[in-house]
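Visitor: got a sequence here, can you build the structure:
(2 chains)
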Number of protein chains: 2
Amino acid sequence: MSSIQYDAIHNGLTAFQGDAIAQYMRTDFMTLPDHLCVGEARDRFISQLSLQDIPGQLFVVADKTLRGVLSIKKLLQEKDLKLPINHLMDNCLLRVKPDAERADVVAMLAQRELDVIPVVDKGELVGCLTMKEIVHLQEDDVTEDAQLQGATLPLEKPYLDMTPWALWKKRSVWLLLLFVAEAYTSSVLQHFEESLESAIALAFFIPLLIGTGGNSGTQITSTLVRAMALGEVRLRDMGQVIRKEVTTSFMIALTLGLAGCFRAWMMGIGIEITMIVSLTLVCITLWSAIVSSVIPMVLKRIGIDPAVVSAPFIATLIDGTGLIIYFKIAQYFLGLN
Amino acid sequence: MSSIQYDAIHNGLTAFQGDAIAQYMRTDFMTLPDHLCVGEARDRFISQLSLQDIPGQLFVVADKTLRGVLSIKKLLQEKDLKLPINHLMDNCLLRVKPDAERADVVAMLAQRELDVIPVVDKGELVGCLTMKEIVHLQEDDVTEDAQLQGATLPLEKPYLDMTPWALWKKRSVWLLLLFVAEAYTSSVLQHFEESLESAIALAFFIPLLIGTGGNSGTQITSTLVRAMALGEVRLRDMGQVIRKEVTTSFMIALTLGLAGCFRAWMMGIGIEITMIVSLTLVCITLWSAIVSSVIPMVLKRIGIDPAVVSAPFIATLIDGTGLIIYFKIAQYFLGLN
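Guide: Residues are numbered from 1 along each chain as shown, chains lettered A, B, ... in the order given. Next up, the predicted model:
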């Protein structure tokens, strides 16, 4: 007599690594052989119940091959105890593979209401994800994204368990990469040394201009990266996203341009520098919006997690390019070469 | 005869607003009156099963007052059909109030394994959270945190449904606040105008120094804010966090100081400026670490969501103060007043 299998169906899980969902799936779930009748299946189900987790449905298998799913409601409410369960079961349309990427599964699940998902490898049922596993999956995905968004490599352990040395290793990689990229700003400023010397007031606004460009870009990427993780925004929405962001940032640019005008006037800087600062704010904000809405989608397209587009990443990118915009505008208005 | 109540127990939910969990709880759950016996309760349970959701446990009530919880396993496996269910039920220790804050409930749940939580108002059972509601709760919390971390007010609707005008409103508030705070950098630079004129090379390193300070601070806040949202880090861990961050940032500071040395040497800047740049990098990194680890915890302490400590927030804070550190060090080494 075959029986409900309530044991681990482990088969070579050590082969899966990294973000694969194999490491999240549970293997101690109930299955019903497809030749059981309702009465037999019901007795097995009740006798094998665990204390906490009652699945909404059970997997029906032939040997280890997934045949379908049987809802507990149908199993408990059916009057005909002799009916074979394969007459009651439904097809199981959604399956995931054990080496599926965590982020992909999370995006898929965010758009559906599912309480149990079979993990199937070459037709064979090797595990399943219940709501509890789905919650862990999502939590880990969010934590990884949050850390990437802060420009640090994801931590494998809870924060308090990390040693300073381990934190140093996770952080110094990105920090040095960003340092190298940001070093470019020194070269830009050195290049414009003459302009700077002839109008030292230009230097006063450097942090304000590039900082504001970075901030407005960060607002876009953080919203977009999260919407992409939830599956709300897909690659095919790219045109819509760019149109929306360009329109929005045009309004933002005008707002900031006015604020810049007011600030430069407050400092008693001449009309020319005031105009240069305001115009630069408008241009940097628009430039930042385009960069920030395009890059996450391009990365997604080429298979890189868009969460790496962190605030420091955007800030660094805008700092160098923003300075070029600033000094080009300044040279034009001040008649420098 | 009383019966399993499988209907909405709505009582004045419209009174709860905002982030209260009342808006997440479901009200269409099963309850069992406490005077039922096992046989009656089992029949009611099976006949009232819904298609998808099988809770791991049912709530036992007297009138509407929560008395305890009964696990489905016990209900289905008990042999004595005449046994009153209040002999089988367990106490229900964990309850939440309908006006509990979402973020607090999420932090509490991240530390436990629960599949259903009763929502109780003055002893009366008004709703419950099953795994599905818990998932929504967590998703919304994470989305809000992600948006706050990007320095934008949280969006109430999916990104693609937001109009540019609505996005402008959500973004311009923080952007203008940050602009005002960042405007302080212009005053700092104006104050040090003479130093700047006598050593224009100092200007070349402004974006690099303040950018790097902002980046290293962002790494800390993003990790810390997420760890606090998960409940991994609590207020009582503050001492441990600060010790960990100061040690780590000391190593980071030395790493960046060396990188700065190398960069200034590459540009053929004199030995004095090279030394000033390296020393400033060390000081800014340490300063940034202290600020970034203390502020999120202080905000939490005074009841503000630490997720508002975004990368732009830290960058803006470090920009102004970092410039003061830079020019004070420069004045000392260059013998300026």
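Visitor: where in chain A is pLDDT low?
Guide: Scanning chain A for pLDDT under 70 picks out A:1-18, A:51-53, A:337.
Visitor: ok, longest helix in chain A?
Guide: Ranked by number of residues, the top helix in chain A under DSSP state H is helix A:271-301.
Visitor: who does that helix touch, helix- and strand-wise?
Guide: If you count contacts as 3 or more CB pairs under 8 Å, 6 or more residues apart in numbering or on different chains; DSSP states H and E, helix A:271-301 packs onto helix A:201-204, helix A:206-229, helix A:238-266, helix A:311-334. Heads up, the C-betas are built off the backbone N, CA and C, glycines and all.
Visitor: list the buried residues in the third one.
Guide: Residues of helix A:238-266 classed as buried under the neighbour-count rule (16 or more other CB atoms under 10 Å in any protein chain shown) are A:238, A:241, A:244-245, A:247-253, A:255-257, A:259-261, A:263-264.
Visitor: against A:T223, how distant is the closest residue in space to A:I242 that isn't next to it in sequence?
Guide: Among residues not flanking A:I242 along the chain, A:S293 sits closest, at 5.4 Å (CB to CB, 6 or more residues apart in numbering or on different chains). Applying CB to CB, to the nearest Å, the value for A:S293 to A:T223 is 10 Å.
Visitor: which parts of stretch A:301-310 are buried?
Guide: For stretch A:301-310, by 16+ other CB under 10 Å, it's A:305-310.
Visitor: most distant residue from the centre of chain A?
Guide: A:K82 (49.4 Å; CA atoms, centre = their mean).
Visitor: got the phi/psi numbers for the closest residue to that residue other than its chain neighbours?
Guide: Among residues not flanking A:K82 along the chain, A:C37 sits closest, at 5.3 Å (CB to CB, 6+ apart). Per-residue torsions, A:C37: phi -100, psi 170 (degrees, to the nearest 10).
Visitor: for B:E182, which of the helices and strands packed on helix A:271-301 is the nearest?
Guide: With respect to B:E182, and counting by CB to CB, the nearest of the helices and strands packed on helix A:271-301 is helix A:206-229 at 4.8 Å.
Visitor: any part of the closest one near chain B?
Guide: Yes. Judged by CB under 8 Å from any CB of the partner chain, helix A:206-229 comes into contact with chain B through A:206-208, A:210-212, A:214-216, A:218-227.
Visitor: find the nearest non-adjacent residue to A:P296, please.
Guide: Per CB to CB, 6+ apart, closest to A:P296 is A:P306, 3.8 Å.
Visitor: before we move on, what about A:R102?
Guide: A:D19 (4.3 Å).
Visitor: got a list of what that neighbour touches?
Guide: A:D19 makes contacts with A:101-103, as judged by CB atoms under 8 Å, 6 or more residues apart in numbering or on different chains.
Visitor: sorry, back to before: next, count neighbours for the residue nearest to A:I242.
Guide: By the criterion of other CB atoms under 10 Å in any protein chain shown, A:S293 has 23 neighbours.
Visitor: tell me the spacing between it and chain B.
Guide: Separation of A:S293 from chain B (CB to the nearest CB, to the nearest Å): 11 Å.
Visitor: A:L129 versus that residue, what's the distance?
Guide: 33 Å.
Visitor: ok, now A:E156?
Guide: On the measure of CB to CB, A:E156 and A:L129 end up 21 Å apart.
Visitor: now do A:E272
Guide: Counting by CB to CB - A:E272 and A:L129 are separated by 63 Å.
Visitor: swap in A:A227?
Guide: Separation of A:A227 from A:L129 (CB to CB): 23 Å.
Visitor: same check on A:N215?
Guide: A:N215 is 39 Å from A:L129, by CB to CB.
Visitor: so for the two, which residue has more residues nearby?
Guide: A:N215 (31 against 24).
Visitor: and the more buried one, what does it touch?
Guide: B:151, B:174-175, B:178, B:312, B:315-316.
Visitor: quick check: bridge partners of the residue nearest to A:K82?
Guide: Per DSSP bridges, residues listed as beta-bridge partners of A:C37: A:P84.
Visitor: excluding chain neighbours, what is closest to the closest residue to chain B within the stretch 201-337 of chain A?
Guide: Closest to chain B within the stretch 201-337 of chain A is A:S222: 2.4 Å, counting by CB to the nearest CB. Nearest in space to A:S222, with sequence neighbours left out and distances taken as CB to CB, 6+ apart, is B:G150 at 2.4 Å.
Visitor: name the element A:E182 belongs to?
Guide: helix A:164-191 (DSSP states H and E).
Visitor: angle of that helix against helix B:206-229?
Guide: 150 degrees (axes from the mean of the first three to the mean of the last three CA atoms, to 10 degrees).
Visitor: helices or strands next to the helix or strand following helix A:164-191 in the packing?
Guide: As assigned by DSSP H and E, the chain's next helix or strand after helix A:164-191 is helix A:193-198. Contacts defined by 3+ CB pairs under 8 Å, 6+ apart place helix A:193-198 against helix A:201-204, helix A:311-334.
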